[in-house]
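Enquirer: coords please:
(chains A, B, C, D, E and F)
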There are 6 protein chains.
Amino acid sequence: MAEDNREVTNLPFLRVVTPFLAAGTDLTGAHVALIGAPFDGTTSFRPGTRFGPERIRSVSYGLETYSPLQDAELSPSWLADVGDLELPLNDTARALEMIEEAVAWLAARGLRPLLLGGEHTVTVGAVRALAGRYPDLVVVQLDAHADWRDEYDGDRLSHATTVRRASEVGGGRRVIQIGIRSGTRQEFQEAAARGDFYPGVGPAVMEEVGKSLAAAGVPVYLTIDIDVLDPAFAPGTGTPEPGGWTSGELLVGVASWARSLPRLVGADLVEVSPPVDVSDITSIIGSKLVRELALLLYQASLRWQ
Amino acid sequence: MAEDNREVTNLPFLRVVTPFLAAGTDLTGAHVALIGAPFDGTTSFRPGTRFGPERIRSVSYGLETYSPLQDAELSPSWLADVGDLELPLNDTARALEMIEEAVAWLAARGLRPLLLGGEHTVTVGAVRALAGRYPDLVVVQLDAHADWRDEYDGDRLSHATTVRRASEVGGGRRVIQIGIRSGTRQEFQEAAARGDFYPGVGPAVMEEVGKSLAAAGVPVYLTIDIDVLDPAFAPGTGTPEPGGWTSGELLVGVASWARSLPRLVGADLVEVSPPVDVSDITSIIGSKLVRELALLLYQASLRWQ
Amino acid sequence: MAEDNREVTNLPFLRVVTPFLAAGTDLTGAHVALIGAPFDGTTSFRPGTRFGPERIRSVSYGLETYSPLQDAELSPSWLADVGDLELPLNDTARALEMIEEAVAWLAARGLRPLLLGGEHTVTVGAVRALAGRYPDLVVVQLDAHADWRDEYDGDRLSHATTVRRASEVGGGRRVIQIGIRSGTRQEFQEAAARGDFYPGVGPAVMEEVGKSLAAAGVPVYLTIDIDVLDPAFAPGTGTPEPGGWTSGELLVGVASWARSLPRLVGADLVEVSPPVDVSDITSIIGSKLVRELALLLYQASLRWQ
Amino acid sequence: MAEDNREVTNLPFLRVVTPFLAAGTDLTGAHVALIGAPFDGTTSFRPGTRFGPERIRSVSYGLETYSPLQDAELSPSWLADVGDLELPLNDTARALEMIEEAVAWLAARGLRPLLLGGEHTVTVGAVRALAGRYPDLVVVQLDAHADWRDEYDGDRLSHATTVRRASEVGGGRRVIQIGIRSGTRQEFQEAAARGDFYPGVGPAVMEEVGKSLAAAGVPVYLTIDIDVLDPAFAPGTGTPEPGGWTSGELLVGVASWARSLPRLVGADLVEVSPPVDVSDITSIIGSKLVRELALLLYQASLRWQ
Amino acid sequence: MAEDNREVTNLPFLRVVTPFLAAGTDLTGAHVALIGAPFDGTTSFRPGTRFGPERIRSVSYGLETYSPLQDAELSPSWLADVGDLELPLNDTARALEMIEEAVAWLAARGLRPLLLGGEHTVTVGAVRALAGRYPDLVVVQLDAHADWRDEYDGDRLSHATTVRRASEVGGGRRVIQIGIRSGTRQEFQEAAARGDFYPGVGPAVMEEVGKSLAAAGVPVYLTIDIDVLDPAFAPGTGTPEPGGWTSGELLVGVASWARSLPRLVGADLVEVSPPVDVSDITSIIGSKLVRELALLLYQASLRWQ
Amino acid sequence: MAEDNREVTNLPFLRVVTPFLAAGTDLTGAHVALIGAPFDGTTSFRPGTRFGPERIRSVSYGLETYSPLQDAELSPSWLADVGDLELPLNDTARALEMIEEAVAWLAARGLRPLLLGGEHTVTVGAVRALAGRYPDLVVVQLDAHADWRDEYDGDRLSHATTVRRASEVGGGRRVIQIGIRSGTRQEFQEAAARGDFYPGVGPAVMEEVGKSLAAAGVPVYLTIDIDVLDPAFAPGTGTPEPGGWTSGELLVGVASWARSLPRLVGADLVEVSPPVDVSDITSIIGSKLVRELALLLYQASLRWQ
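Expert: Residues are numbered from 1 along each chain as shown, chains lettered A, B, ... in the order given. Sure, this is the predicted structure:
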């Protein structure tokens, strides 16, 4: 086990890592904080997302710091990478508590958290932390799978129940689901009844949702499950689902938010699984999405509290 | 060599396998029968399709049984997986006879066969069996390659001659070719003269063909060569041909048949080659297509004899 | 989920699979029963052993049924493959109960169980079942890692504590450890004090131990962690540890037991992880070891009760 | 080191290779000459393009010689493959001189060169050779990256400065950049000021540019960096950049030039990197592009001097 | 299809390839001729050896021309690479005739053939050609598998019957089998009765056999099936068999023949299968063996007629 | 580019990385300093060693901190990981100066450097730095290749000339070469004349050399090229050479120095190339060697100045 970051953050379970492209390690003056949550204890089909944060950071050195999509540039002056949480793989409840504690700590210091999963379950910890701070927090989910089961193999805290759990935080919460193309009949029926459900659609819906949220001024948490992409674009994930978005469509959708600029207070990218990736292409699109998400969070921090 | 299924089917060359997602092994009450034809004896460029049936079944455990595309669900009450044929790799003629015998046996019991290749040659056996039962059987081929040569390296029963051989069964037979983007000049010229040839096009043609066939009420055999997809979506195949369909386009095309509902009496999925696949993405889209094809065959069995 | 085997075994959590080379599925007359335990819920470094049983069976078709090492041949007349247990990945305690129940069921019918892991934890379930039947059961472990910690990351049922837990079954049990080359200082010190500890050594020790156990006539459970082999011979495993045995050395060691013939009443092969394997070589040596273990168990069943 | 081709070409640094599909090795009567430039000395992120020419030729045996896109066929009567240059990896300046000398030699004999990279730097050598012959040569670049830096890590001859160097040949030269989606802010700003810059767009721009160049009758050199494609379609490249073209879009774009037929006097395909490819799909689309480029060059040779 | 070598050799089915390290293409003055036989039409388990000759030549560029084992050096003055035979994959009998014709043609010109497989079946063609010239030809086989079946799946010309067929050429022929560790009980029993059978042993037997053959002065054909090596050293082969030789042991064995110098009149290396290789290590040891075999054949040509 | 370590070390070209297992980042009190030199600018065959330091550190988390071979344990109290040098890939001379400067800086503070390559060239920088401090420094090289050429493709600073350059530092220096099995005839002849040359041999020579150096009390720099191992044990390297050591032999050899304890003042591990590795096995043995080397350096620091 390596030296930890405890002097910096007071969090006893953080460890130093090679930082993301152009990210500093100093929290002073930072607006956005990257933090890794390498957890995949509940994954059922193809495990390995625990290696996501490391690989996403590693391949980031092939990226430019400049984003033509947003005409903006990463800088260590506002972006800090605080390292990885050391999470117990066989105790999901405790792992989520640690994520919640870390995200709350960052948010309390005015930093907008950008979480690197890990499996989708990690989102629950982040949403709990931010819902305490922003009671009207809305969750936007880009995903191939509904993740809306009440339990999965008897387990209530699983990658297949993530979004349902997130929706229940603080007694009920709005979740907007985009890109869903797999689930049980019950999940689809409930979603149709509930609304905020956009199965199988692309960047146009994302743009529209962004505009509407920006107009409302509500705080937003954006969670991107990399499997919203087609397996051709993101083979390195636990449960690839054919018939998904292209990388270009997802980038266009994300970039549309740079124009509407909703009040983004946190975000994550989850389910990148390097052991089943091919030639790093999933990590590379993941890395590019992290660049774009960091820029979105920074822009939002300049406009919104 | 494992125990065989001979008590169940009277076919001496079937062996038990791990069944496809949600498929039963009992033929009683079944409407649709999955059967593997792991044959690749004539493959010229990158062999390995003999491992297709096993891998397609294996990855099916990552799928849901529910199809949002068709709003329908797989069930062991109507879907049986009868296992794999044990075919001689170096005797194509005999392998085709065995496939013909097995498919005829299933059809005689009122089951709609869904064949898992193996290379494209296996289609000839299935078409022979069904043409005996349905003299006006029309074959619809989704494929990157015309497969219309009269012989290939001196061989008349090869993956490159499959569709021509299928067209000759019973003294001449209508074949509708969709998605073709590779062949000899002669193959393209003959196809243009013959009609029923839709090179390089996508789901709109498929929808239109489906409607027209449904209106005519003719019995249809649908053969999908996985290489109709672009290599990005299906790298695990013998002869990848760039410039093809996306997974989403193919799924939309197949789902359009759930609406028009032609009189589908058999189908196959061929040329999935796991040894050259990457991160199983070809097997996974193959598996999803099998789910959709099984549902199509079942719906057709409820409407058409 | 596929049809299950419950009519055959009365165990509600078994599912049909493609059987191992030359194994039947009929328990009548069988002496040895293969059973898969695809569990890897506690794996820390490189997950994936849950896919071990499937792949080991799949590659078995490249093997001969005849073993020149033992001059003996597999036969469905005495070898049955009962399929895979469906185990919950996130509930180790329950998974071990299910394994215990299944192994006890087999043993009660006079069958010698041969378990296919899965991670090493599964051994605990098998040892519990057999210790009930054979109070003086001795466990022989071939492994790179001591697996003797009392807890690991706060967990008492983990791949790193397996052998310690196995040693405690029934109030204390002899465990003979062979091939160990990794552990904490404490594990090595305790082992040196305890005896029955043969770090880093090869087939000669195995032969000697076999002779001594055969002479004593005590019932023996043999657990082989594939990582006892060097990573060159078994790259497909969770925690490869350089400096291990060659395949040839392990096969010679196992074959030496065919001559001394200890009273083997059960065995397992664990930690084969196909997702990190290369060109299936770990699954292939795993498959060959299964052949040899099945033959050993059969020979033992003819000589010993 | 193998026998060389010096008797054929008088170039002391050419070596015999397995030729591209349907290419001859005889220069007599040839219009188009394939030549490999396996150089990757300056690559920064993922090296390996030196193996591109070999692999592109190898997989060409899975292609047909007939192109339905252009309704035309490769023939050894007009296509020669002169082999690979033996270039020093650690002396970029000398490597470019050798490429320049070889391309000039071919052009002097009336052959249109089709260069197989290697990294993008090799383009500079070819442009220098052809600019001597065609002073008004226009370079068209299909690429994800601007490659317009003045220096990179202190180096003025690098894959990141290629196109800027090419633009300077002969005191200034028109470069049309299509598909660019990555670069520094400065590169994007300069490009916007300079014009001839089409970031992120597809086949429609390519068709339009082709028509305009054909109308002008200016000599054109087309350089295709395979990373203009999305990483899903071309994972085997040094710096994959998500959000790119599909194979189909690129093929349609290239085929549009067969209709407008600009005065193409040379071309290259660069940055195919087999060691990081998956299942050869990048080499296969590369090979198909070589077929299409050879046909374009041949058609242009019949119409234009 | 590329230009062929027919002017050089009068064999209409040879094609030009990138030559092996330091081999020329001129037959004048040559003593040893490399020739590729990329045939794998009968392979049952994991096909792909047809790509062996290409890949073995390709990786040879990482080798030195000097062999410290034999203190000797490759030179184009005595080594020619005549290219690859174009063999029909689905007509084994015809493929063997073509191999026989080519090898006979080379031998008639005083060249010692060194064949690159392809599957083991190709050996039969070479032995037939040389047995005509050397009636007392002895075959030495290094192999994991006996390959001594009379038929395999009803086929008499298969990789599993190769050595038996070779033994029958010319009415009966001595075959010395070294390294065998897999086969049927019948194969092992017959071999034990026949003699010349050295299962599972290493370089010492090879040295002894070499001395004895050198003393007898009989003409020898050496066939090396790469699977004589353990799968750790040669994963890239059709039927890996654990428990084999190390690369070092095989090289020492081959080098021992450089000292005893039997009358080697031909040799082959077969069953290298690049598609299932990992990081080219099987092709690389294959390439090194080709270097050593070429040197052995050359030394033998200087001493023996 | 990430934050650098300049405050810590005053070296402007160091960057923070995820540290090696159990290494601290604080130089205070440290005896041994890990430093990465990710340079592969001159590699000729299979590039990629620049990714070695990152991957070796990453997989170190699968190791124990305790070494049974030396009965000793890593501790952050004496081991510091100072991060990676940022080296120019296309300027070997400058890269070596930076390495020399960094190693000299560490040595001046009493730290024993442990360098992670990168290609073998990096050794020259380290030897230059230490030769200034220890004029009688002896270099011990474990390697498959002699690396003794005077120039390679016209280059005097290349991976193929490394050891010759190292031998010339300070006007001539003793180099002991162990394990060499590839080179030109001239390299072998010169080495035989020079002495200190142990081709192809194993741990016994290493033990003997260790004892002799310990007795002499001379300062020693140990450089291990991972390709001293057979490709089966270390496929992930630039120029794999069959016929090498096993991992076990190398570990035994290294451990023998823990007993004789020569005056080791620096060491490196070079040529680990993750892009061509399989299942990380080369990085894992590399990581274990780093653990053993760090322990050796620490023990030596306690006994020798």
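Enquirer: for the residue of the stretch 51-200 of chain A found nearest chain E, grab the count of nearby residues.
Expert: Proximity to chain E, evaluated over the stretch 51-200 of chain A using CB to the nearest CB, is greatest for A:Arg55 at 19.7 Å. C-beta: built from backbone N, CA, C; applies to glycine. The number of residues packed near A:Arg55 is 24, by other CB atoms under 10 Å in any protein chain shown.
Enquirer: give me the below-cutoff pLDDT ranges for chain A.
Expert: Along chain A, the parts satisfying pLDDT under 70 run over A:1-11, A:44.
Enquirer: what is the burial count for the closest residue to chain C within chain A?
Expert: Here chain A gets closest to chain C at one residue, A:Pro47, 3.8 Å apart by CB to the nearest CB. As a burial measure, A:Pro47 scores 28 neighbours (other CB under 10 Å).
Enquirer: that one and A:Arg173, how far apart?
Expert: A:Pro47 sits 29 Å away from A:Arg173, going by CB to CB, to the nearest Å.
Enquirer: for the closest residue to the residue of chain A closest to chain C other than its chain neighbours, what are its contacts?
Expert: Counting by CB to CB, 6 or more residues apart in numbering or on different chains, A:Pro47 lies nearest to C:Pro47, which is 3.8 Å off, once chain neighbours are set aside. For C:Pro47, the contacting residues are A:Asp40, A:Thr43, A:Pro47, A:Gly48, C:Asp40, C:Gly238, C:Ser273, C:Pro275, by CB atoms under 8 Å, 6 or more residues apart in numbering or on different chains.
Enquirer: same thing with A:Ile224?
Expert: Here A:Ile224 is in contact with A:Leu142, A:Asp143, A:Leu250, A:Ala267, A:Asp268, A:Leu269, A:Val270, A:Leu289, A:Leu293 (CB under 8 Å, 6+ apart).
Enquirer: wait, A:Leu63 touches A:Arg291, no?
Expert: Yes: at 6.1 Å, A:Leu63 and A:Arg291 qualify as touching, with contact defined as CB atoms under 8 Å.
Enquirer: circling back to that earlier point, helices - which of the contacts of A:Ile224 land there?
Expert: Counted as lying in helices by DSSP state H, out of the contacts of A:Ile224, are A:Leu250, A:Leu289, A:Leu293.
Enquirer: which non-adjacent residue is nearest the last one?
Expert: Sequence neighbours aside, A:Ala267 is the residue nearest to A:Leu293 in space, at 4.8 Å (criterion: CB to CB, 6+ apart).
Enquirer: most neighbours, which of the contacts of C:Pro47?
Expert: The most crowded member of the contacts of C:Pro47, judged by other CB under 10 Å, is C:Ser273 (32 neighbours).
Enquirer: that one and C:Thr239 touch, don't they?
Expert: No: counting by CB under 8 Å, no contact exists between C:Ser273 and C:Thr239, whose distance comes to 9.6 Å.
Enquirer: can you list residues touching both of these two?
Expert: With CB under 8 Å, 6+ apart, C:Ser273 and C:Thr239 have common neighbours C:Arg46.
Enquirer: picking that back up, just the buried residues out of the contacts of A:Ile224, in PyMOL syntax.
Expert: Only the buried members of the contacts of A:Ile224 end up in this PyMOL selection, burial being decided by 16 or more other CB atoms under 10 Å in any protein chain shown:
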select buried, chain A and resi 142+143+250+267+268+269+270+289+293
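Enquirer: nearest to D:Thr92, of the contacts of A:Ile224?
Expert: Checking these against D:Thr92 by CB to CB gives A:Leu289 as the nearest, at 34.2 Å.
Enquirer: OK, contacts around that closest one?
Expert: If a contact means CB under 8 Å, 6+ apart, then A:Leu289 has A:Ile224, A:Ile226, A:Leu250, A:Leu251, A:Val254, A:Leu269 as its contacts.
Enquirer: please apply the same query to A:Leu251.
Expert: A:Leu251 neighbours (CB under 8 Å, 6+ apart): A:Leu69, A:Lys288, A:Leu289, A:Glu292, D:Pro242, D:Gly243.
Enquirer: if we go to 6 Å?
Expert: D:Gly243 (CB atoms under 6 Å, 6 or more residues apart in numbering or on different chains).
Enquirer: could you do the one 4 residues further on as well?
Expert: A:Ala255 makes contacts with A:Leu69, A:Gln70, as judged by CB under 6 Å, 6+ apart.
Enquirer: distance of the residue lying closest to A:Asp136 once chain neighbours are set aside relative to chain F?
Expert: Excluding its sequence neighbours, the residue lying closest to A:Asp136 (CB to CB, 6+ apart) is A:Val218, at 5.4 Å. Between A:Val218 and chain F the distance is 35 Å, computed by CB to the nearest CB, to the nearest Å.
Enquirer: next up, the contacts around A:Thr239.
Expert: A:Phe45, B:Gly62.
Enquirer: 7 Å instead?
Expert: By CB atoms under 7 Å, 6 or more residues apart in numbering or on different chains, the contact list for A:Thr239 reads A:Phe45, A:His145, A:Asp227, B:Gly62.
Enquirer: what about the nearest residue to the last one once chain neighbours are set aside, which SS state?
Expert: Yep, that's B:Gly62 we're talking about. Leaving aside its sequence neighbours, B:Gly62 sits nearest to A:Phe45 (CB to CB, 6+ apart; 4.4 Å). Judged by DSSP: H, G, I helix; E, B strand; the rest coil, the three-state class of A:Phe45 is coil.
Enquirer: residues of the helix or strand encompassing A:Lys211 that come out buried?
Expert: Assigned by DSSP states H and E, A:Lys211 falls within helix A:203-216. Of all the residues in helix A:203-216, those buried under the rule 16+ other CB under 10 Å are A:Pro203, A:Val205, A:Met206, A:Glu207, A:Val209, A:Gly210, A:Lys211, A:Leu213, A:Ala214.
Enquirer: in this structure the first one contacts A:Thr246, no?
Expert: No: if you go by CB atoms under 7 Å, A:Pro203 and A:Thr246 don't touch, sitting 9.7 Å apart.
Enquirer: right, is stretch A:65-80 up against chain D?
Expert: Yes: counting by CB under 7 Å from any CB of the partner chain, contacts between stretch A:65-80 and chain D involve A:Tyr66, A:Pro68, A:Glu73.
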